[in-house]
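> please work out how this folds:
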Amino acid sequence: MRIGMVLAALTLPLLSGGCIAKTAWDVATLPVKATGQVVDWTTTSQEEADRNYGRKMRKKEAAEGRRLREEERRRKREEREDD
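Numbering: from 1, shown residues only. Below is the predicted model of the structure:
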């Protein structure tokens, strides 16, 4: 019984060596990954800026188009009422 426990205790580090090494690697690289994520969240790439600008302009043009159509309808209604 005691020999089995000693044998298990000696082989455990050999069997789990990859897991321990990976965990150590993950812990060591965590600050770098976290910093990279924060930089990604706080900065805007040119592609994102272009996409956001395009979206903003499309919304602005759509609102202007709605406003112009409404003015045209109102003008036509007023012309019909005047006749």
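> got phi/psi on Ser45?
Ser45 adopts backbone torsions of phi -70, psi 170, taken as degrees, to the nearest 10.
> that one: how many residues sit nearby?
A count of nearby residues for Ser45, using other Cβ atoms under 10 Å, gives 9. From N, CA and C alone the C-beta is placed, and that goes for glycine too.
> again, but for Ala62
Neighbours of Ala62 using other Cβ under 10 Å come to 10.
> where does this protein have low pLDDT?
1, 6-18, 83 (pLDDT under 70).
> in what helix or strand does Lys76 lie?
helix 46-82 (DSSP states H and E).
> flag every buried residue along that helix.
By neighbour count with 16 or more other Cβ atoms under 10 Å, helix 46-82 contains no buried residues.
> any idea how far Asp82 lies from Ile20?
88 Å (Cβ to Cβ, to the nearest Å).
> show me what the helix or strand containing Ala34 is packed against.
In the assignment (DSSP H and E), Ala34 maps to helix 17-42. Using 3 or more Cβ pairs under 8 Å, 6 or more residues apart in numbering; DSSP states H and E as the contact test, no helix or strand touches helix 17-42.
> any idea how far it is from the chain center?
Centroid separation between helix 17-42 and its chain, computed with Cα atoms, centre = their mean, to the nearest Å, is 18 Å.
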